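Trainee: Provided below are the primary sequence and the corresponding predicted coordinates.
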Amino acid sequence: MNEWKYRYLGETRPALPYPGDEAAPAPKAGKGRALHKDGGRRRRRRSARYKDGDPGGRDRKCSLAVAPVCGRRESARDGAGPGMKLGRAALGLVLLAPLAVRAVEPISLGLALAGVLTGYMSYPRLYCLFAECCSQKQSLSRDALQKDLDSKLFGQHLAKKVILNAVSGFISNPKPKKPLTLSLHGWTGTGKNFVSKIIAENIYEGGLNSDYVHLFVATLHFPHISNITLYKDQLQSWIRGNVSACARSIFIFDEMDKMHAGLIDAIKPYLDYYDNLDGVSYQKAVFIFLSNAGAERITDVALDFWRSGKQREEIKLRDMEHALSVSAFNNKNSGFWHSSLIDRNLIDYFVPFLPLEYKHLKMCIRVEMQSRGYKVDEDIVSRVAEEMTFFPKEERVFSDKGCKTVFTKLDYYYDD
Ligand SMILES: Nc1ncnc2c1ncn2[C@@H]1O[C@H](COP(=O)(O)OP(=O)(O)OP(=O)(O)O)[C@@H](O)[C@H]1O
């Protein structure tokens with residue numbers, strides 16, 4: 001078992017290696033917000049969730065070897081393990097001791113006992129007022145998610161609808177039959193990571209920084225094809241360990257199109273319709289795959305609509321979903337090449353992200369100006385949007401980088 005350092009707690013303890021550690025002891029910073037401790041972003045290593053003291057499922061020093069045991073413990077009482085129970089019992093004894101010594105009259109003793117019992121029952125909730133808990137948000141506000149998607153995500157009517165219905169329906173279902181599995185596809189800079197962030201924030205207050213949200217970046221965590229067997233083991237262990245600690249864990253796989261063929265199939269059992277596997281139930285977990293695979297297909301459909309003068313909002317999910325799953329299955333570089341996840345229909349939704357147009361870039365620029373505290377200057381908005389490159393060459397309809405680089409271009413106008 002690997003030894004690694006808690007950056008935040010400054011202590012060393014045995015924990016499971018983060019996928020890819022053996023093979024890539026000093027990974028380079030990945031794109032965006034890599035979660036690796038050396039990845040440049042302020043993001044805790046996922047192993048940190050095996051720390052002590054959280055009644056919401058984090059009070060165990062789970063190692064992979066005992067992960068299934070941890071799972072059983074959690075299911076016993078939604079995250080309150082024996083360690084926590086012992087702690088509460090001890091607390092009860094400490095509180096009761098002076099009363100017993102003084103041998104107070106029975107009514108007071110009864111009241112005291114009731115108080116201790118109430119404290120015992122409500123302690124996890126009390127705790128969760130002050131710290132993040134796995135069970136913190138068993139429900140999700142559909143309205144809040146809708147508001148977020150409507151106000152923040154531009155030009156993606158299909159993604160908005162699918163994600164709103166899929167995520168809110170899944171979270172409100174107390175007994176889902178399988179984990180929710182979404183595969184988001186589209187051109188670069190069209191909002192796939194952005195939407196994952198919105199989903200995470202609507203489930204956990206900490207969003208992507210939550211201890212229960214795990215981000216894997218293919219080129220960062222699974223760089224070497226020669227280590228694929230090791231990665232498979234690590235990935236399984238990682239997911240099993242974390243779902244044992246928190247059933248409502250979220251796993252995001254970025255750069256699926258760079259994932260070695262066959263690797264993702266290692267997690268197939270966890271995505272299937274099993275009530276539990278070795279004592280762990282995966283049915284409440286959420287898996288989100290992000291990929292550029294299929295972007296050409298999406299662009300073709302969007303371009304056809306544009307050329308025939310139709311609104312992009314008229315594009316329906318059925319115009320794309322099947323084609324996306326087929327192209328992911330047949331594409332050697334999709335991460336899903338001949339994958340049993342597709343073959344066995346374990347991916348619930350293939351979500352297309354449409355390429356963004358000039359007007360969407362302007363919306364992204366306005367939001368960025370406002371978030372930096374500037375007054376929206378339409379002249380600058382147009383100039384920044386016009387600096388972007390568009391395709392196809394003749395018609396110049398779609399931004400080739402989506403909204404991705406508009407923010408750095410904005411710096412040019414506000415460099416003083
Ligand atoms: N449709 C959109 N609506 C609003 N903002 C967007 C949209 N698409 C992208 N953005 C903005 O651009 C940033 C970069 O986009 P994001 O990282 O989500 O792209 P992506 O689709 O994941 O790209 P890649 O495939 O290269 O990973 C986002 O953080 C967001 O600020």
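Mentor: Received, thanks.
Trainee: Tell me where the stretch 251-400 of the chain has strands.
Mentor: 286-291, 349-353, 390-391, 398-399 (DSSP state E, counting those that start in this stretch).
Trainee: check whether the last one contacts the ligand.
Mentor: No - Strand 398-399 lies out of reach of the ligand by Cβ under 6 Å from any ligand atom, never closer than 9.5 Å. C-beta here means a position set from N, CA and C on the backbone, and glycine is covered the same way.
Trainee: likewise stretch 362-382?
Mentor: Yes - if you take Cβ under 6 Å from any ligand atom as the test, stretch 362-382 does meet the ligand, through Cys364.
Trainee: in that stretch, what counts as buried?
Mentor: Within stretch 362-382, the residues scored as buried using 16 or more other Cβ atoms under 10 Å are Lys362, Met363, Cys364, Ile365, Arg366, Val367, Glu368, Met369, Ile380, Val381.
Trainee: Within range of the ligand, give me the residues from the stretch 51-200 of the chain.
Mentor: Residues of the stretch 51-200 of the chain lying near the ligand (Cβ under 6 Å from any ligand atom): 152-156, 186, 188-194.
Trainee: got it, and the stretch 251-400 of the chain?
Mentor: Checking the stretch 251-400 of the chain against the ligand by Cβ under 6 Å from any ligand atom, the hits are Leu290, Asn292, Leu356, Cys364.
Trainee: By neighbour count, which of these wins?
Mentor: Leu356 (30 neighbours; other Cβ atoms under 10 Å).
Trainee: ok, that residue touching Gly402?
Mentor: Yes - Leu356 is in contact with Gly402 according to Cβ atoms under 8 Å; the separation is 4.8 Å.
Trainee: overlap in contacts of the two?
Mentor: Taking Cβ atoms under 8 Å, 6 or more residues apart in numbering as the criterion, Leu356 and Gly402 both touch Trp187, Gly189, Thr190.
Trainee: Out of those, which end up buried?
Mentor: Among the shared contacts of Leu356 and Gly402, the ones that count as buried by 16+ other Cβ under 10 Å are Trp187, Gly189, Thr190.
Trainee: Including pLDDT, secondary structure and distance to Glu205, could those residues go into TSV?
Mentor: Compiled in TSV, these are given as follows (pLDDT from 0 to 100; DSSP: H, G, I helix; E, B strand; the rest coil; distance: Cβ to Cβ, whole Å):
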residue	pLDDT	secondary structure	distance to Glu205
Trp187	94	coil	31
Gly189	97	coil	27
Thr190	97	coil	26
